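Chemist: Quick check, what structure comes out for this input:
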Amino acid sequence: MREVTRKELVVGAAATALGAAGVYELVERLGGSAPKRAVGTPPPEPEQHLLQGVRVIEDNGAEVLVPPLHHAILTARVRVAERRADLRAAQQAFDQSLHELDADYAATPAGLGVTVAWGLPYMKRFVPGLLAEHLPRDRRASRAKRKEVPALLDAVRFPSDPDATILEDNDVAVLLRSDDPKHIADAEKRLFDRHRDLFEVTSIRRGFAGGGFDGGIGLPKKLALAAGVPGADLIPNGAELFLGFTSTLKANLGPSRIANLETLGYADLRSGYFRHGTAMHLSHIDEDLERWYLNTDYDQRVATTFRPGLHVPEGTQTVPQGPHGVSSQAAVTRGLQRYGVLGHSASIQTTSRLLAEVAGPDGTVYARGTAIPQRADFNTLDAPFAWSVQPQRDGLSDTPSAGVHFVVFNPTSDDFHRNRLAMDGHLPDGTILPVEQSDEAQGINAVLRTTHRQNFIVPPRAHRSFPLVELLS
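Modeler: Modelled structure (predicted):
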């Protein structure tokens, strides 16, 4: 094991005394400087979930997107009375604050990404009569289940989830992303401190990613060491995430507008109100770093993260997975039978990659094997959140813990559910592979424990503030 430096011991002692929040305050002191970014202020896209100006580097022959260093998610309940006049006033006030942020910050990592997502509890409470007319319908899921299935579904527990996984009921979630934590702090004040009459904040979730693409130890390892997280010294230098492998390969993430509700034809947009929107899943996942690094050698970690039988040089962090190397259901089944391991990426690829070329409504052609989900997950030391309005229910602890706030955009909630079920060996043709959900054969799930889940819909930028309220009669 690498010897911990005196600086890390001193900083770690201070951070442990402060808890996870104290660790985040030490980011700048630990060298979390912003990566190089292109200069410019591109005009806002109609989508609010897409970031512009994301830097692309090459590593091990693959293009890699450099994510924003700092992230925060705030969830809330709406406090406004269920009267049209009050809701319209709230919509206008919140929209004004969002437009002010747009004017002050470009939607880039160097500026500020703001994504406002709304849950079914909001829809059912404030605009129930408008749901049937305007909430998109999932064509594919409706055909498969022979009944109408909306594009936004309640979250469910998956086979590998513990019974204690909390299915949340927040009205709204706001994702903030930037290389500069001061930009995020400013947005929190403008959107929530300023609008305490509109929202009751239910949780604050903080985190980080990257920091080592230009060399050095990397932000995840620095902060995990500072927090005294067991297994932190085993994280490879330069790792983007706690588990060591590069996550943001360009070929692994859905391009351009592929995750939009309208792009692949999965959703019937009904009125078109949510065109340029998407579905979002949010969860928190604990990660057992010691089990990951001490109980499995490098080759085993490659097999469970990607696919069994894959051979890459020891210590490789960026493992290319282009559209031509996508695993099939048959290959996943054979891999489990031969090696006794279910590869994480391989199993998900059976549902998360295009089976044929698709042309989007804007003329963009997406090749066979192209990834669909657009992930925005990030490391966290929250246990499980930085703050909660229900600390007992949420199991809040002051002791920092390695984990991930998992954020992903899909064309529909059912599309995410299909991907997540495939991760548990439930393949799209109905095959259920024989794996114990807590067993090493289950792959990366053996070191993951999901504590919270919820699904949301992300409206287009034009309707991101209290969607559908302007249509109330």
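
Chemist: Leaving out chain neighbours, which residue sits closest to residue 411?
Modeler: residue 266 (4.5 Å; C-beta to C-beta, 6 or more residues apart in numbering). From N, CA and C alone the C-beta is placed, and that goes for glycine too.

Chemist: mind checking how far that neighbour is from residue 102?
Modeler: The spacing between residue 266 and residue 102, counted by C-beta to C-beta, to the nearest Å, is 29 Å.

Chemist: thinking again about what came up before, residues contacting the residue nearest to residue 411?
Modeler: By C-beta atoms under 8 Å, 6 or more residues apart in numbering, residue 266 lies in contact with 138-140, 151, 411-412, 415.

Chemist: Check residue 114 too.
Modeler: 48, 98, 101-102, 107, 174-176, 187, 191.

Chemist: Please repeat the previous calculation with a cut-off of 7 Å.
Modeler: 48, 98, 101, 174, 176, 187 (C-beta atoms under 7 Å, 6 or more residues apart in numbering).

Chemist: same thing with residue 335?
Modeler: 307-309, 341, 343, 346.

Chemist: Mind putting the contacts of residue 266 into JSON lines with neighbour count, distance to residue 386 and pLDDT?
Modeler: Below are the contacts of residue 266 laid out as JSON lines (neighbours: other C-beta atoms under 10 Å; distance: C-beta to C-beta, whole Å; pLDDT from 0 to 100):
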{"residue": "138", "neighbour count": "25", "distance to residue 386": "34", "pLDDT": "98"}
{"residue": "139", "neighbour count": "16", "distance to residue 386": "39", "pLDDT": "97"}
{"residue": "140", "neighbour count": "17", "distance to residue 386": "37", "pLDDT": "96"}
{"residue": "151", "neighbour count": "29", "distance to residue 386": "30", "pLDDT": "98"}
{"residue": "411", "neighbour count": "26", "distance to residue 386": "31", "pLDDT": "98"}
{"residue": "412", "neighbour count": "28", "distance to residue 386": "30", "pLDDT": "98"}
{"residue": "415", "neighbour count": "26", "distance to residue 386": "30", "pLDDT": "98"}
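
Chemist: biggest separation within the residues you listed, which pair?
Modeler: Greatest spacing in the contacts of residue 266, by C-beta to C-beta: 139 and 415 (11.3 Å).

Chemist: who does the residue nearest to residue 181 when sequence neighbours are not counted bridge with?
Modeler: Nearest non-adjacent residue to residue 181, counting by C-beta to C-beta, 6+ apart: residue 70, 4.7 Å away. Taking DSSP bridges, one finds residue 178, residue 208 as the beta-bridge partners of residue 70.

Chemist: how far away is residue 70 from residue 171?
Modeler: Taking C-beta to C-beta, one finds residue 70 at 25 Å from residue 171.

Chemist: So residue 194 versus residue 296, what's the distance?
Modeler: Distance from residue 194 to residue 296, by C-beta to C-beta: 48 Å.

Chemist: of the two, who's got more company?
Modeler: residue 296 (18 against 15; other C-beta atoms under 10 Å).

Chemist: quick one: contacts for the more buried one?
Modeler: Contacts of residue 296 (C-beta under 7 Å, 6+ apart): none.

Chemist: per-residue confidence at it?
Modeler: Looking at residue 296, its pLDDT stands at 88.

Chemist: Now do the helices in the stretch 301-450 of the chain.
Modeler: Assigned by DSSP state H, counting those that start in this stretch, the helices in the stretch 301-450 of the chain fall at 329-339, 344-352, 391-394, 413-423.

Chemist: tell me, what residue is most central in this protein?
Modeler: residue 407 (1.6 Å; C-alpha atoms, centre = their mean).

Chemist: Against residue 332, how distant is it?
Modeler: For residue 407 relative to residue 332 (C-beta to C-beta), the value is 25 Å.

Chemist: same thing with residue 72?
Modeler: 36 Å.

Chemist: what does residue 149 give?
Modeler: In terms of C-beta to C-beta, residue 149 sits 26 Å off from residue 332.

Chemist: Do a quick rundown of the strands in the stretch 301-450 of the chain.
Modeler: Taking DSSP state E, counting those that start in this stretch, the strands of the stretch 301-450 of the chain run over residues 358-359, 365-366, 374-375, 378-380, 387-388, 403-410, 448-458.

Chemist: Of all the ones you listed, which one comes closest to residue 395?
Modeler: strand 448-458 (6.7 Å).

Chemist: so what secondary structure elements neighbour that closest one?
Modeler: Judged by 3 or more C-beta pairs under 7 Å, 6 or more residues apart in numbering; DSSP states H and E, the packing partners of strand 448-458 are strand 113-118, strand 166-167, strand 278-287.

Chemist: what's downstream of the first one, the next helix or strand?
Modeler: Toward the C-terminal end, the helix or strand that comes next after strand 113-118 (DSSP states H and E) is helix 120-126.

Chemist: tell me the mean pLDDT for the helix or strand following that following helix?
Modeler: Downstream of helix 120-126, the first helix or strand assigned by DSSP H and E is helix 128-134. The pLDDT scores in helix 128-134 average 93.

Chemist: Buried residues of helix 128-134, list them for me.
Modeler: 130, 134 (16 or more other C-beta atoms under 10 Å).

Chemist: ditto for stretch 219-232
Modeler: Applying 16+ other C-beta under 10 Å to stretch 219-232 flags 219-229, 231-232 as buried.

Chemist: hang on, the earlier thing: of residue 149 and residue 332, which one has the most company?
Modeler: Taking other C-beta under 10 Å, residue 149 and residue 332 do not tie; residue 332 has more neighbours (24 against 19).

Chemist: what residue ranges in the chain score low on pLDDT?
Modeler: Scanning the chain for pLDDT under 70 picks out 1-41, 437-443.

Chemist: burial count for the closest residue to residue 241 other than its chain neighbours?
Modeler: Closest residue to residue 241 apart from its sequence neighbours, by C-beta to C-beta, 6+ apart: residue 247 at 5.4 Å. Neighbour count for residue 247, taken as other C-beta under 10 Å: 23.

Chemist: does residue 247 count as helix, strand or coil?
Modeler: coil (DSSP: H, G, I helix; E, B strand; the rest coil).

Chemist: So what does it look like in phi/psi?
Modeler: Here is the backbone geometry of residue 247 (degrees, to the nearest 10): phi -100, psi -20.

Chemist: Quick check: the gap between it and residue 226.
Modeler: 22 Å.

Chemist: Run through the residues that contact residue 339.
Modeler: Going by C-beta under 7 Å, 6+ apart, the list of residues near residue 339 reads 303, 308-309.

Chemist: Now do the end-to-end distance for stretch 434-452.
Modeler: The straight-line separation of the ends of stretch 434-452 (C-alpha to C-alpha, to the nearest Å) is 26 Å.

Chemist: Just read off the phi/psi values of residue 470.
Modeler: phi -70, psi -10.

Chemist: what's the burial count for it?
Modeler: If we define neighbours as other C-beta under 10 Å, then residue 470 has 13 of them.

Chemist: OK, contacts around it?
Modeler: 88, 91.

Chemist: next one: residue 246
Modeler: Per C-beta under 7 Å, 6+ apart, neighbours of residue 246: 59, 64, 240, 317-318.

Chemist: again, 6 Å this time
Modeler: 64, 240, 317-318 (C-beta atoms under 6 Å, 6 or more residues apart in numbering).

Chemist: How about residue 414?
Modeler: Here residue 414 is in contact with 138, 141 (criterion: C-beta under 6 Å, 6+ apart).

Chemist: now do 10 Å
Modeler: Counting by C-beta atoms under 10 Å, 6 or more residues apart in numbering, residue 414 makes contact with 138, 140-142, 144-145, 149-153, 266-267, 279, 455.
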